[in-house]
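**Student:** Build the 3D model from these lines:
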Amino acid sequence: MNLKLITPPTNEPLSLEEVKLYLRVDGAEEDTLIQSLITVAREQCESITRRALVTQTYELTLDDFPSENVISIPLPPLQSVASIMYKDDKGIETTLNPSNYIVDIDSEPGKIVLIDRPSFTPYPSSAVKITFTCGYSSNIPVSVVQAMKLLVSHFYENRDIVINQSVNQVPFTVDALLSPYRIFRWL
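**Tutor:** Okay, here's the model as predicted:
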């Protein structure tokens, strides 16, 4: 299984103004730094929780369709599946007709249930490609937003690494806030 980002997020869950207010920062001198810290905090929270916090599109590749005909889609919440393509041993790609599968966006993580599994000899590697959109379209959990604010604050206050001095660890509170949203198994 491989994941490839196709369309990155076009916005962040926190606005620059919201974070500057939280940090008690006036002026625009550090706007670029703060904006990059917002992105880093989102990426860190996504990594810890194994969720997509904002809308983005990925391609999931598998060597074959699973024998149980259920494909768990990583990075919940799943919004939609754009296409499922499969390639045979001759390299010929075919798009699976949407009437041959059900997309379950209500499960966590979301999943695809194959109704009619195609009969083919798969290409030796990455024979199945699933393009899907994931992320919260709105209403990101408040605890996750708070964890992001704490991370931005931590990164802002601890931006210099000094050799031979203790490095401040990320606050335990961040882990506690993100823990209920952590996905432990995708596939």
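**Student:** what residue ranges in the protein score low on pLDDT?
**Tutor:** For the chain, the stretches with pLDDT under 70 are 161-170, 185-187.
**Student:** Show me which residues of stretch 91-105 are buried.
**Tutor:** Leu96, Tyr101, Val103, Asp104, Ile105 (16 or more other C-beta atoms under 10 Å). Where you see a C-beta, it was placed from the backbone N, CA and C, and this is true even at glycine.
**Student:** which one of the residues you listed sits closest to His154?
**Tutor:** Here the nearest of the buried residues of stretch 91-105 to His154, counting by C-beta to C-beta, is Ile105; it sits at 33.5 Å.
**Student:** where do the helices sit along this structure?
**Tutor:** 16-23, 31-49, 142-157, 172-178 (DSSP state H).
**Student:** mind listing what's buried in the shortest one?
**Tutor:** The reference is to helix 172-178. Going by neighbour count (16+ other C-beta under 10 Å), the buried part of helix 172-178 is Val174, Leu177, Leu178.
**Student:** Give me the sheet partners of the longest strand along the chain and which way each runs.
**Tutor:** Longest among the strand segments of the chain by residue count, using DSSP state E, is strand 78-87. Here strand 78-87 is paired, per DSSP bridges, with strand 93-95 (antiparallel), strand 128-134 (antiparallel).
**Student:** which one of those lies closest to Leu37?
**Tutor:** Per C-beta to C-beta, nearest to Leu37 of those: strand 128-134, 23.4 Å.
**Student:** Tell me who's in contact with the residue nearest the centre of the chain.
**Tutor:** Geometric centre of the chain, nearest residue: Ala52, 2.9 Å, by C-alpha atoms, centre = their mean. Going by C-beta atoms under 8 Å, 6 or more residues apart in numbering, Ala52 touches Glu46, Leu75, Pro76, Pro77, Cys134, Gly135, Tyr136.
**Student:** Touching, the fifth one and Gln79? I think so.
**Tutor:** So the one you mean is Cys134. Yes: between Cys134 and Gln79 there is a contact under C-beta atoms under 8 Å: 5.9 Å.
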